[in-house]
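Visitor: Need a 3D model of the following:
(4 chains)
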There are 2 protein chains.
Amino acid sequence: MGLTRSEIFTEEQNKLASLFKVLGHPARIAILQFIINQKACICNDLVEELGLAQATISQHLKELKNSGLIQGTVEGKSVCYCIDEGVWEQIQKEFMAFFSQEVKVTNCCS
Amino acid sequence: MGLTRSEIFTEEQNKLASLFKVLGHPARIAILQFIINQKACICNDLVEELGLAQATISQHLKELKNSGLIQGTVEGKSVCYCIDEGVWEQIQKEFMAFFSQEVKVTNCCS
DNA sequence: TTTTATAATCGCAATATTACGATAATAAAA
DNA sequence: TTTTATTATCGTAATATTGCGATTATAAAA
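Guide: Residues are numbered from 1 along each chain as shown, chains lettered A, B, ... in the order given. Have a look, this model is predicted:
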């Protein structure tokens, strides 16, 4: 136990959940917002801005990168992280699809 | 350590992240979809459908309830869970707002 | 009242996540 | 080459999550 039983869910459910999961931490939300607003895309700036240790920021960036949401390119001594617009739009679509499912109204909980 | 440092983030970032977090598990996605499609809103039906133990389903339902996404009303021996449409639409709006932030294009990662 | 059906809660074990210091890796600058 | 700046990775401690059996609570049915 203590292990998510992914095998009993659909591929789609697992994928959607893991996307939501990546966004389920305030540091990663903050990082994304910071990058989106182009206040910076350099790891070190995020460290100064957020007030978490460099190792911690690096770990969160790795998770965001693994999800495909951001990509990083080496720029001299530092690494520039940016939103992957294609992936961003794709995810946007999937979330919209999830949320625009029509909720059937019943008298069940009225 | 091992504890999310919520105090260094904005209220908004924490709230958004915790909403995403609730949706970050395939069982909770499956439960929501099942309720949305009105295949059932009874805990026991979910147990049969999903193949997780009753205690586990009950725990997931509790988390969904705590987030406000669903509400439950007692119906005789069982409890009927339904989407809270108001909350659903509110969350939909917040997510849309997050995802419609315009990603500023730079030549940083091109 | 006793039984039955349903759901919530408790307690626990296994695993995952979060955070950080220390260290390694990499590349520019001196 | 040596130093400096930046980021990744390793190892570890603290905490959280997931899942389930056992038990409790609740209400309908017998």
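
Visitor: Which strand or helix spans the nearest residue in space to A:His25 that is not next to it in sequence?
Guide: Once flanking residues are discounted, A:His25 sits nearest to B:Ala17: 5.5 Å by Cβ to Cβ, 6 or more residues apart in numbering or on different chains. The C-beta positions use only the backbone N, C-alpha and C, and glycine is treated the same way. Assessed by DSSP states H and E, B:Ala17 sits inside helix B:11-22.

Visitor: From the rest of the structure, what touches that helix?
Guide: By Cβ atoms under 8 Å, 6 or more residues apart in numbering or on different chains, the residues outside helix B:11-22 that reach it are A:20-21, A:23-26, A:28-30, A:33, B:6, B:9, B:28, B:63-64, B:66-67, B:69, B:91, B:94-95, B:98.

Visitor: Could you pull up the residues touching A:Glu63?
Guide: A:22, A:28.

Visitor: Assign it to helix, strand or coil.
Guide: When classified by DSSP: H, G, I helix; E, B strand; the rest coil, A:Glu63 comes out as helix.

Visitor: Same list, the contacts of helix B:11-22, but only the ones touching DNA strand D.
Guide: Counting by Cβ under 7 Å from any atom of the strand, B:Glu63 from the contacts of helix B:11-22 sit close to DNA strand D.

Visitor: out of the contacts of helix B:11-22, which are inside helices?
Guide: The subset of these located in helices under the criterion DSSP state H comprises A:20-21, A:26, A:28-30, A:33, B:28, B:63-64, B:66, B:91, B:94-95, B:98.

Visitor: Could you pick out the buried ones from the residues you listed?
Guide: A:20-21, A:26, A:28-30, A:33, B:28, B:63-64, B:91, B:95, B:98 (16 or more other Cβ atoms under 10 Å in any protein chain shown).

Visitor: where does chain A have low pLDDT?
Guide: Applying pLDDT under 70 to chain A flags residues A:1, A:105-110.

Visitor: residues from it in reach of DNA strand D?
Guide: Where proximity means Cβ under 7 Å from any atom of the strand, the interface of chain A facing DNA strand D comprises A:1-5, A:42-44, A:47, A:54-55, A:58-59, A:61-62, A:72, A:77-79.

Visitor: Which among these count as buried?
Guide: With neighbours counted by 16+ other Cβ under 10 Å, those contain buried members at A:42-43, A:47, A:61, A:72, A:79.

Visitor: Quick check: A:Val79 is in a helix.
Guide: No. A:Val79: not assigned to a helix; according to three-state DSSP it is strand.
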